[in-house]
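[1] pasting a predicted model and its sequence here:
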Amino acid sequence: MHNIAHILDDKGHEIFSVSPTELVIDAVKRMAEKGVGAVLVMEEDELKGMFSERDYARKVILAGRASRETWVEEVMTSPVITISPLATAAEGLETMTRKRIRHLPVIDEGTLIGLVSIGDLVNAVIDDQRLLIEQLEAYVRG
């Protein structure tokens, strides 16, 4: 079974972040440049929050705010729900479903080591199920 650490080993540990004092427009540009749906909000090495497309849509656009006049810290999601690298992909999906989120920062002994998305976890669960089916088929064939 895939755990979060294995997923990060395959995917990579690269983290895209913005400062809480950056303008929303700059955070949106960074997400577009990197092709991601969310960025972590970091102050030095400290995780302060997360800013996602959902935050932009709900807390900026629908609220009638201007992205060129709004600071990330005003609309970021905080506190951030995190996950351990030892957790399974299924546990991560359960957390995401229960909390209605799409991204989980991975924290190992107080240190941020990566970020997994719902897509990362779904792919890992599918791979786990495929492997299980292959093993059961081999067992049945004897």
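    Yep, that arrived.
[2] all helices of this structure, in order?
    Assigned by DSSP state H, the helices in the chain fall at 4-11, 24-34, 53-55, 72-75, 89-99, 118-141.
[3] which of those helices sits most buried?
    helix 72-75 (a mean of 19; mean count of other Cβ atoms under 10 Å). Any C-beta I mention is one placed from the backbone N, CA and C, and that applies to glycine too.
[4] now that one: mean pLDDT?
    The average of the pLDDT scores along helix 72-75 is 98.
[5] contacts for that helix next, please.
    18-24, 27, 41, 48-49, 51, 55-56, 59-60, 65 (Cβ atoms under 8 Å, 6 or more residues apart in numbering).
[6] show me those residues that map onto strands.
    If you go by DSSP state E, the contacts of helix 72-75 have 18, 41, 48-49, 51 in strands.
[7] how close does Leu47 sit to Ser17?
    Per Cβ to Cβ, to the nearest Å, Leu47 is found 9 Å from Ser17.
[8] okay, and the common contacts of those two?
    The contact sets of Leu47 and Ser17 overlap at 40-41 (Cβ under 8 Å, 6+ apart).
[9] centroid residue for the protein?
    His103 (2.3 Å; Cα atoms, centre = their mean).
[10] what pLDDT does that residue get?
    Taking His103 on its own, its pLDDT is 95.
[11] contact partners for Val39?
    Contact analysis of Val39 by Cβ under 8 Å, 6+ apart lists 16-18, 27, 30-31, 50-52.
[12] quick check: it vs Leu121, distance?
    Counting by Cβ to Cβ - Val39 and Leu121 are separated by 19 Å.
[13] which ChimeraX command selects the buried ones in the contacts of helix 72-75?
    Applied in ChimeraX, the following selects the buried portion of these according to 16 or more other Cβ atoms under 10 Å:
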select :18,19,20,22,23,24,27,41,48,49,51,55,56,59,60
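[14] this completes my enquiry, with thanks.
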